[in-house]
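Engineer: What follows is a protein structure lacking sequence information:
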């Protein structure tokens, strides 16, 4: 968690407070870093409603309702799963907006079709838009995870309006 990410977290929390919104997170390759960065800021409990760390496919299914079909067809690192994770976090919370992250932070896990640094970041607003972005981030594991958090914050800001 970098000073720049902490500054982004403070700005996001202020925006959500001003709009009376709460946020939920659904994370895989970031392992809770989105939620941890937000909750590193004192007073974040009025915005951060809950977080789901769903590293395994079983957790994605059980906690977020990601379908076995999506996992089998598209794989855990996919637009379909990022979308389902964001929707599942909304369904399992009181939040107005949820963000999701699933990817390959490395150093292992890459395949011919899914390179190291491939991350899908999603954001969904209850009764509204759902966004998913595909990125291939460079750098080591920490760099991939930090870049993913920054995108999650940007998408949450976009949906907050």
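Structural biologist: Yep, it's here. Everything quoted here is computed from the prediction, not taken from an experiment.

Engineer: Could you pull up the residues touching residue 59?
Structural biologist: 52, 53 (Cβ atoms under 8 Å, 6 or more residues apart in numbering). Bear in mind the C-beta positions are built from the backbone N, C-alpha and C, glycine included.

Engineer: For it, what are phi and psi?
Structural biologist: phi -60, psi -40 (degrees, to the nearest 10).

Engineer: Once you drop chain neighbours, what's closest to the one residue sitting closest to the centre of the chain?
Structural biologist: Geometric centre of the chain, nearest residue: residue 100, 2.6 Å, by Cα atoms, centre = their mean. In space, and not counting its chain neighbours, residue 100 is closest to residue 85: 3.6 Å by Cβ to Cβ, 6 or more residues apart in numbering.

Engineer: who's the residue nearest to the centre of the chain bridged to?
Structural biologist: Residue 100 has these beta-bridge partners by DSSP bridges: residue 26, residue 122.

Engineer: on that earlier part again, secondary structure element for the residue nearest to residue 100?
Structural biologist: helix 79-91 (DSSP states H and E).

Engineer: Report the buried residues of that helix.
Structural biologist: Neighbour counts over helix 79-91 (16 or more other Cβ atoms under 10 Å) mark 80, 81, 82, 83, 84, 85, 86, 87, 88, 89, 90 as buried.

Engineer: Show the pLDDT at the closest residue to residue 61 other than its chain neighbours.
Structural biologist: Nearest residue to residue 61, sequence neighbours excluded (Cβ to Cβ, 6+ apart): residue 68, at 6.4 Å. Looking at residue 68, its pLDDT reads 97.

Engineer: Could you report the neighbour count for residue 68?
Structural biologist: 10 (other Cβ atoms under 10 Å).

Engineer: Same question for residue 49.
Structural biologist: 18.

Engineer: tell me the secondary structure for it?
Structural biologist: Under DSSP: H, G, I helix; E, B strand; the rest coil, the three-state class of residue 49 is strand.
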